[in-house]
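Peer 1: Test case, fold it:
(4 chains)
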There are 2 protein chains.
Amino acid sequence: MIIKVKLVSALNEAYDALNDLLVKLFNNILTYEEKALITDEFKDISLNDMHVIEVIGLSQKKNMSSIAKSLEVTVGTLTIAINNLVKKGYVKRMRSVKDRRVVLVSLTEKGMHAYKHHEVFHDEMIKAIMKRLEGEQLDVLVKALKSVQEFFSTNKQI
Amino acid sequence: MIIKVKLVSALNEAYDALNDLLVKLFNNILTYEEKALITDEFKDISLNDMHVIEVIGLSQKKNMSSIAKSLEVTVGTLTIAINNLVKKGYVKRMRSVKDRRVVLVSLTEKGMHAYKHHEVFHDEMIKAIMKRLEGEQLDVLVKALKSVQEFFSTNKQI
DNA sequence: CGATATACTTTGATTATCAAAGTAAAGTTG
DNA sequence: CAACTTTACTTTGATAATCAAAGTATATCG
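Peer 2: Down below sits the predicted model:
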């Protein structure tokens, strides 16, 4: 009897802790990320802009459709975001020579700096997590997050 | 030598996995929540509206300033959100009799239904997460989330 | 009573977003 | 190969969320 009660209450504790943590985390991550990213050097771009920059990435030119898909916005919305980033000097636009309908987008030097700045933020967050976990706990966490992530990605379109 | 390389690469793997998972999870949870909440019954309110409803809560009347503070928006922004929710019948506005500058806000019947709907969503999400985790996974997840939360809340105002 | 503070609303501006219409290039087909 | 369809993107018009600053009404303090 007692054992059962104990088990249940441990589960309840985990339940409450999870609920509480998820709510708080969501609130904090966004405001933290915003404040961490929008420094004096990059004061003219929004968190949203930074996410566009993140998706464009350092490696190679990307077309509008694929960027829009990654960001889960319409191409029209992306056009406006890219207009802004071009105006501010973070991003270059080019027409593809192969297919002249296609617009190829890439980061300027300034855009790459912003990208690296963002990377540092992510890095610190991940390191902060890893520092606090010992040995196989890290493994367990990765597995746990994977299965949670699976749930969300498969149930995404309800 | 080999052992060291192995260790480092295991850590790197964990690092990459964590980074990837966190980014994906964050995006997916938001879209999942949005889709789960905005059903046929509550098709006229946004996720944002739902968060306002959540903060108002079931218990007692709240004034504008305290709600705005909880949501971390200006009172002006909240005024607009509340105008909408009143127009749609989710929320009631009253003047305090004690201090007639103060506006007291509470949920209508319809608002309470929406609140409960949201609660069910949270409950199902947490249960879905818990169901997928075995043994110590739950513990480690909670611990990891706690440390992340700590990281964010202590570093919040940069 | 008059000055100041507080609680809220309004206003004007900006940003993000979408759906739908528009434009231009590429592909298909009779 | 001319006409139609599809694709890739931009533009337009509308809406929502947001802020800072100005405005309004009430309360408090000296």
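Peer 1: tally of neighbours for A:Lys62?
Peer 2: Counted with other C-beta atoms under 10 Å in any protein chain shown, residues neighbouring A:Lys62 total 17. Every residue, glycine included, has its C-beta placed from N, CA and C.
Peer 1: Could you list the domains of chain A?
Peer 2: Domain assignment for chain A by automatic domain parsing gives A:1-37, A:43-154.
Peer 1: Tell me the pLDDT of the residue nearest to the spatial centre of chain A.
Peer 2: Central residue of chain A (C-alpha atoms, centre = their mean): A:His51, 6.9 Å from the mean position. Looking at A:His51, its pLDDT is 92.
Peer 1: Tell me which helix or strand it sits in.
Peer 2: helix A:47-56 (DSSP states H and E).
Peer 1: tell me what that helix is packed against?
Peer 2: Secondary-structure packing of helix A:47-56 (3 or more C-beta pairs under 8 Å, 6 or more residues apart in numbering or on different chains; DSSP states H and E): helix A:2-37, helix A:64-71, helix A:75-87, strand A:91-95, strand A:103-107, helix A:109-131.
Peer 1: Out of these, which gets nearest to A:Gln149?
Peer 2: Smallest distance to A:Gln149 across those (C-beta to C-beta): 13.8 Å, for helix A:2-37.
Peer 1: Give me the residues contacting the helix holding A:His51.
Peer 2: A:30, A:33-34, A:37-38, A:42, A:45, A:62, A:67, A:70-71, A:78, A:81-82, A:84-85, A:90-91, A:105-107, A:111, A:114-115, A:118 (C-beta atoms under 8 Å, 6 or more residues apart in numbering or on different chains).
Peer 1: Next, the buried residues of that helix.
Peer 2: A:Asp49, A:Met50, A:His51, A:Val52, A:Ile53, A:Glu54, A:Val55, A:Ile56 (16 or more other C-beta atoms under 10 Å in any protein chain shown).
Peer 1: Quick check: the gap between the fourth one and A:Ile45.
Peer 2: A:Val52 sits 9 Å away from A:Ile45, taking C-beta to C-beta, to the nearest Å as the criterion.
Peer 1: what do the two both touch?
Peer 2: Contacts common to A:Val52 and A:Ile45, judged by C-beta under 8 Å, 6+ apart, are A:Leu85.
Peer 1: Quick check: of the buried residues of helix A:47-56, which lies closest to DNA strand C?
Peer 2: Taking C-beta to the nearest atom of the strand as the measure, A:Asp49 is the one of those closest to DNA strand C, at 5.3 Å.
Peer 1: what's the spacing between that closest one and A:Val120?
Peer 2: Distance from A:Asp49 to A:Val120, by C-beta to C-beta: 17 Å.
Peer 1: before we move on, what about A:Tyr15?
Peer 2: 35 Å.
Peer 1: neighbour-wise, which of the two wins?
Peer 2: Comparing A:Tyr15 with A:Val120 by other C-beta under 10 Å, the one with more neighbours is A:Tyr15, at 17 against 11.
Peer 1: Looking at per-residue confidence, what score does that one get?
Peer 2: pLDDT, read off for A:Tyr15, is 83.
Peer 1: Report how many residues lie close to the residue found closest to it once you drop the neighbours it is linked to in the chain.
Peer 2: Distance criterion C-beta to C-beta, 6 or more residues apart in numbering or on different chains; nearest residue to A:Tyr15, sequence neighbours excluded, is B:Ile126 at 5.8 Å. When counting by other C-beta under 10 Å, one arrives at 17 neighbours for B:Ile126.
Peer 1: Could you double-check that B:Ile126 lies in contact with A:Ala17?
Peer 2: No. If you go by C-beta atoms under 8 Å, B:Ile126 and A:Ala17 don't touch, sitting 9.8 Å apart.
Peer 1: who's in contact with A:His122?
Peer 2: Residues in contact with A:His122, defined by C-beta under 8 Å, 6+ apart, are B:Asn19, B:Val23.
Peer 1: redo that, cut-off 7 Å
Peer 2: B:Asn19 (C-beta atoms under 7 Å, 6 or more residues apart in numbering or on different chains).
Peer 1: if we can go back for a sec, reformat the helices and strands packed on helix A:47-56 as a markdown table; add distance to B:Leu145.
Peer 2: Putting the helices and strands packed on helix A:47-56 into a markdown table (distance: least, C-beta to C-beta, whole Å) gives the following:
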| stretch | distance to B:Leu145 |
| --- | --- |
| helix A:2-37 | 4 |
| helix A:64-71 | 26 |
| helix A:75-87 | 31 |
| strand A:91-95 | 35 |
| strand A:103-107 | 33 |
| helix A:109-131 | 9 |
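Peer 1: Many thanks, have a good one.
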